[in-house]
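Q: Model the following, please.
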Amino acid sequence: MRLSAQILQSAEQRTNPLSERELVLRSLAIPSIEHLSVTRDQFDSIDFSNNHITSLDNFPRLNRLSSLYLSGNDVERVDARNLRRNLPGLKTLVLTGNRVAGWDVLGDLGVGCPGLEFLSLAGNPVTRRQHYRLYTIHKIPSLKVLDFIKIKQSERERAQRLASSAAGAAMEADARTEARASAATAAAASSNGEIVNTGESNTFEPGEGKSAEESFATQFTLEEKAKIREMVANADSPEEIDRIEGLVKRGIFPGSLTSADGGGNREKKRSANEEDDGENAAKKQRSE
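A: Numbering: from 1, shown residues only. Just a heads-up that it's a prediction; the model follows:
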């Protein structure tokens with residue numbers, strides 16, 4: 001089920017046991033993260049547990065968000081740039097039972113989440129690799145708890161020694177190789193018109209970006225961006241927000257269609273008024 005603005009508006013909202021304001025999106029078969037701008041940065045925590053999400057990406061700017069729960073998904077990669085730019089306050093990330101397998105993903109988490117303190121990767125393939133815990137501690141130095149176990153100072157010292165050893169250099173080389181392979185796979189899928197690992201095809205439309213956020217960033221002027229933000233803020237319904245985001249994704253400024261529709265309506269009204277005037281004149285002439 002696609003994560004639409006309507007689903008976000010109707011989802012359960014609660015105060016969780018940690019006293020965080022939480023949005024609950026559990027067990028909805030959601031394939032990818034989208035439309036979170038509808039939440040207007042009103043939540044400390046979002047629970048995406050037990051869905052089909054494959055990639056940690058496509059977040060809008062959410063300064064308040066500090067906790068993400070994604071247990072039981074299919075996450076295997078993260079967008080470090082998107083996380084670092086749009087989730088500056090993220091401290092807790094639960095990825096228990098996902099598909100993270102590569103060293104490169106741990107490096108991306110370190111770059112994308114410089115303030116991360118609590119991380120769970122239990123049940124992911126990467127945890128079965130040699131030196132997993134020490135490598136993760138080295139790549140994400142802000143961590144305090146990994147896989148529900150507090151990180152000790154002795155582990156940090158061992159992680160540092162590993163990083164400066166030949167084994168650590170070999171792991172970094174593996175991480176670079178895995179990163180290149182992942183990028184090549186994504187590029188190949190994109191060139192075939194696919195959305196990577198979401199099970200959906202991407203029908204090409206002129207000016208269309210990979211997401212509404214990407215098109216918003218690249219297709220519009222500063223003045224148009226300001227107007228689009230105002231349209232979303234003043235939208236009367238989730239359907240109206242979906243319509244605006246759909247147009248933005250296709251590289252179409254929503255105001256242009258609104259103006260065109262308005263002009264069309266004015267033209268129809270003008271024609272109707274002219275017809276009424278003509279009929280009234282004809283009736284007057286017959287009565288005379």
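
Q: how near is the spatially most central residue of the chain to Ser66?
A: Taking C-alpha atoms, centre = their mean as the criterion, Asn58 is the residue nearest the geometric centre of the chain, at 2.5 Å. Plainly put, Asn58 is 19 Å away from Ser66 if you go by C-beta to C-beta, to the nearest Å. Where C-beta positions appear, they are placed from N, C-alpha and C, glycine not excepted.

Q: And Lys249, by the same measure?
A: Distance, Lys249 to Ser66, by C-beta to C-beta: 28 Å.

Q: circling back: just the pLDDT for the residue nearest to the centre of the chain.
A: pLDDT recorded at Asn58 is 95.

Q: I'd say it and Ile30 touch.
A: No. At 11.9 Å, Asn58 does not count as touching Ile30 under the criterion of C-beta atoms under 8 Å.

Q: what residues do the two have in common as contacts?
A: The contact sets of Asn58 and Ile30 do not overlap (C-beta atoms under 8 Å, 6 or more residues apart in numbering).

Q: and Trp135, what is it in contact with?
A: Trp isn't right for residue 135; it's Tyr. Tyr135 sits next to 103, 106, 159, 162, 168, 171 when contact means C-beta under 8 Å, 6+ apart.

Q: contacting residues for Val75?
A: Taking C-beta under 8 Å, 6+ apart, we find Val75 in contact with 53-56, 95, 98-100.

Q: His138 now?
A: Taking C-beta under 8 Å, 6+ apart, one finds 159-160, 162-163, 168 in contact with His138.

Q: again with Phe220
A: By C-beta under 8 Å, 6+ apart, the contact set of Phe220 is 228, 248, 253.

Q: Could you rerun that using 7 Å?
A: Contact partners of Phe220, counting by C-beta atoms under 7 Å, 6 or more residues apart in numbering, are 228, 253.

Q: Then the one 4 residues further on?
A: With contacts defined as C-beta under 7 Å, 6+ apart, the neighbours of Glu224 are Phe253.

Q: I figured Arg26 hits Ser49, correct?
A: Yes. Using C-beta atoms under 7 Å, Arg26 is in contact with Ser49, at 4.8 Å.

Q: Give me the buried entries from the contacts of His138.
A: The neighbour-count test (16 or more other C-beta atoms under 10 Å) marks 159, 162-163, 168 as buried among those.

Q: those helices in the stretch 1-150 of the chain, which residues are they?
A: With DSSP state H, counting those that start in this stretch as the criterion, the stretch 1-150 of the chain has helices at 5-10, 80-86, 103-112, 132-139.

Q: Quick one: closest of these to Leu146.
A: Comparison of the helices of the stretch 1-150 of the chain against Leu146 by C-beta to C-beta identifies helix 132-139 as nearest, at 6.0 Å.

Q: Just the angle for the closest one relative to helix 103-112, thanks.
A: Interaxial angle of helix 132-139 relative to helix 103-112 (axes from the mean of the first three to the mean of the last three C-alpha atoms, to 10 degrees): 30 degrees.

Q: Quick one: distance of helix 132-139 to the chain centre.
A: Mean-position distance between helix 132-139 and its chain equals 26 Å (C-alpha atoms, centre = their mean, to the nearest Å).

Q: Skip the chain neighbours and tell me the closest residue to the residue nearest to the centre of the chain.
A: Closest residue in space to Asn58, ignoring its immediate chain neighbours: Ile33 at 4.8 Å, by C-beta to C-beta, 6 or more residues apart in numbering.

Q: Tell me who's in contact with the one you found.
A: Taking C-beta under 7 Å, 6+ apart, we find Ile33 in contact with 3, 53, 57-59.

Q: again with Leu25
A: Leu25 touches 11, 46-48, counting by C-beta under 7 Å, 6+ apart.

Q: Return a ChimeraX selection command for the buried portion of those.
A: Buried residues among the contacts of Leu25 (16+ other C-beta under 10 Å), as a ChimeraX selection:
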select :11,46,47,48
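
Q: Report the two of the contacts of Leu25 separated the most.
A: Between any two of those, the greatest separation by C-beta to C-beta is 10.8 Å, found for Ala11 and Phe48.

Q: just so I have it, where are all the strands in the chain?
A: For the chain, applying DSSP state E gives strands covering 12-15, 21-24, 45-47, 55-56, 67-69, 77-78, 92-94, 118-120, 145-146, 149-150.

Q: Run me through the strand neighbours of the third one, direction for each.
A: According to DSSP bridges, the neighbouring strands of strand 45-47, each with its direction, are strand 21-24 (parallel), strand 67-69 (parallel).

Q: and those strands as JSON lines, adding mean pLDDT?
A: Below are the strands paired with strand 45-47 laid out as JSON lines (pLDDT from 0 to 100):
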{"stretch": "strand 21-24", "mean pLDDT": "97"}
{"stretch": "strand 67-69", "mean pLDDT": "98"}
